[in-house]
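K.L.:
here's my sequence, what's the structure:
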Amino acid sequence: MDLRKEVTAAKLTDDLVVDILSRLTYKDFCRCKCAYKAWSAFSSDPDYHKKLPKKVTTGLLYQARDKSAIPLVSLSRDDGEIDGILADVPHYEHLEFLDCCNGLVLCKYKSSYTSPGICRFVVCNPATREWRVLPDTFVGTDSYRHTTILAFDPSWSPHFYVFNFSHSLVDKLEMFSSGGSTWLVDDKWDPEITFSWRKPQLFLNGMLCVQIDGQQVLVFEGLETMSYDILPYHYTIDLPFDSSPVNSFTDGCFDKFSGILHYALPDRSGRSIIVWTLDDYAHRLLHWTVKCHLNMEDAFGRKDLVYYDNGGISGASDWFWNCDYRILALDLERELVVLSDNKTMKLISYNISTGELNEIRDGIEEHRYYVPCYSELPAQEPSV
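P.N.:
Down below sits the predicted model:
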């Protein structure tokens, strides 16, 4: 073969690669992004992402309080509501939706034969109809509170990770990697680090970022070492200084765009959403800068978006900050913000380009933002 005539992806210009990728279906494009990390970055490039395939059923996953079916509320008007997205998961008497991340869904399950204190998890990919059962873990009685988080990014690694924080009499952190076959336990976990199920979280460039109580973000790095039974390391970074004290009363939202961590939160008046970006993260300078303001006053058509409760007996009249809306999801690539309107009890979407609000559905149950992933789950590793 004449090597001078050899053509490889590395020799093609970015413009030509984007032109080729733009001719694929969205499903095939997603598979290509998983195979070659450099192509994944095109989706976040402002010059390229509008040319690439974007037809996808993004949506919101939720589960009613009675722990019934886990439907997907589509954000596309053409698709409507898609029920039974986890229909191919083996039937369990109790299937509880916990989390989703970049197309994978994490659930906890049990049956009438499950021993007390045993916790069982299953990770599913609804787009490919695959599921994987994780090894049992002992978390104590149901009266103990735990927070379980799923971390997955097919453009970074084919493996997924599960973090199970147990807030019991003995605080501990259990971690599972699909590259291994057992849970790793950090029994020296700091019990002062606490957060709720609703706290913002994001998996970015191999780093799990979770907002903890207060003005900080907990970051885990070195997750790939878990396959060798080595615990990842963690540290904290501060949120934007000017996001306080609003984030003491409501949750913000993380997003990754152009490979950079973004954070969105209403301002103190509620009339705009501030989006910050964490610049120079790779060099650990950790400097937040304001990227943009999203005008909620024009979107809602009113100025009175915030009200205050008093602090109890003899308390200050403006002690507790309340906002009419809450941010559920931020997707800068698709120019979309998903909000819950606490005044009308509806889910709504905000179009960043047009500044318009669109009603999605009634009800403001706890939701998780879902974008399908078409890469296959990693094969089950044999137990040692």
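K.L.:
ok but residue 299 is inside a helix, no?
P.N.:
Yes: judged by DSSP: H, G, I helix; E, B strand; the rest coil, residue 299 forms part of a helix.
K.L.:
next, count neighbours for it.
P.N.:
Residue 299 has 22 neighbours, counted by other Cβ atoms under 10 Å. To be clear about C-beta, it is placed using only N, CA and C from the backbone, and glycine gets the same treatment.
K.L.:
how about the contacts made by it?
P.N.:
Neighbouring residues of residue 299 by Cβ atoms under 8 Å, 6 or more residues apart in numbering: 350, 355-357.
K.L.:
most neighbours among the residues you listed, which one?
P.N.:
Neighbour max across the contacts of residue 299 (other Cβ under 10 Å) = residue 350, 23 neighbours.
K.L.:
thought residue 106 was touching residue 120, still the case?
P.N.:
No: with contact defined as Cβ atoms under 8 Å, residue 120 does not count as touching residue 106 (11.6 Å).
K.L.:
so for those two, which residue has more residues nearby?
P.N.:
Higher neighbour count among residue 120 and residue 106: residue 106, with 23 against 17, using other Cβ under 10 Å.
K.L.:
got phi/psi on that one?
P.N.:
As for residue 106, its main-chain torsions (degrees, to the nearest 10) stand at phi -110, psi 130.
K.L.:
report the beta-bridge partners for it.
P.N.:
residue 99, residue 123 (DSSP bridges).
K.L.:
so it makes contact with residue 125?
P.N.:
No: contact criterion Cβ under 8 Å: residue 106 and residue 125 do not qualify, at 11.1 Å.
K.L.:
just the helices in this protein please.
P.N.:
Taking DSSP state H to define them, one finds helices in the chain at 14-21, 26-35, 37-40, 296-300.
K.L.:
domain parsing for this structure?
P.N.:
1-55, 86-238, 242-364 (automatic domain parsing).
K.L.:
make JSON lines out of the ones you listed and add distance to residue 71 and mean pLDDT.
P.N.:
Converted to JSON lines, those look like this (distance: least, Cβ to Cβ, whole Å; pLDDT from 0 to 100):
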{"stretch": "domain 1-55", "distance to residue 71": "21", "mean pLDDT": "62"}
{"stretch": "domain 86-238", "distance to residue 71": "9", "mean pLDDT": "83"}
{"stretch": "domain 242-364", "distance to residue 71": "10", "mean pLDDT": "87"}
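K.L.:
those domains into a markdown table, with extra columns for distance to residue 65?
P.N.:
Formatted as a markdown table, these follow (distance: least, Cβ to Cβ, whole Å):
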| stretch | distance to residue 65 |
| --- | --- |
| domain 1-55 | 33 |
| domain 86-238 | 11 |
| domain 242-364 | 11 |
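K.L.:
for residue 73, which of the ones you listed is the nearest?
P.N.:
domain 242-364 (5.7 Å; Cβ to Cβ).
K.L.:
show me how far stretch 210-223 is from its chain's centre.
P.N.:
How far stretch 210-223 lies from its chain's middle: 14 Å, per Cα atoms, centre = their mean, to the nearest Å.
K.L.:
between the two ends of it, how far is it?
P.N.:
One end of stretch 210-223 to the other measures 15 Å (Cα to Cα, to the nearest Å).
K.L.:
next, the buried residues of that stretch.
P.N.:
Of all the residues in stretch 210-223, those buried under the rule 16 or more other Cβ atoms under 10 Å are 210-212, 214-220, 223.
K.L.:
returning to that earlier point: which among the domains of the chain is found nearest to residue 68?
P.N.:
domain 86-238 (9.3 Å).
K.L.:
ok so, going back, which of the domains of the chain sits closest to residue 75?
P.N.:
Once those are compared by Cβ to Cβ, domain 242-364 is nearest, at 6.1 Å.
K.L.:
I'd say residue 266 and residue 322 touch.
P.N.:
No: taking contacts as Cβ under 8 Å, residue 266 lies outside contact range of residue 322: 10.8 Å.
K.L.:
what about the two, which has more around it?
P.N.:
Per other Cβ under 10 Å, whichever of residue 266 and residue 322 has more neighbours is residue 266, with 27 against 13.
K.L.:
then stretch 262-273 to PDB, C-alphas only?
P.N.:
Output of stretch 262-273 as PDB, limited to C-alpha atoms (Å, rounded to 0.1, in the frame of the first residue of the first chain):
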ATOM      1  CA  HIS A 262     -20.400  26.100  34.600                       C
ATOM      2  CA  TYR A 263     -22.700  27.000  37.500                       C
ATOM      3  CA  ALA A 264     -26.100  28.700  37.300                       C
ATOM      4  CA  LEU A 265     -28.100  30.300  40.100                       C
ATOM      5  CA  PRO A 266     -30.800  33.000  40.400                       C
ATOM      6  CA  ASP A 267     -29.600  36.400  41.600                       C
ATOM      7  CA  ARG A 268     -30.900  37.900  44.800                       C
ATOM      8  CA  SER A 269     -33.900  39.600  43.000                       C
ATOM      9  CA  GLY A 270     -34.700  36.500  41.000                       C
ATOM     10  CA  ARG A 271     -35.000  38.600  37.900                       C
ATOM     11  CA  SER A 272     -32.100  36.900  36.200                       C
ATOM     12  CA  ILE A 273     -30.100  33.700  36.300                       C
END
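K.L.:
what lies in contact with it?
P.N.:
With contact meaning Cβ under 8 Å, 6+ apart, stretch 262-273 is reached by 200, 239-240, 243, 246-247, 250, 252-256, 274-278, 288, 291, 293-297, 303, 305-306, 321, 323-325, 327, 330, 332, 337.
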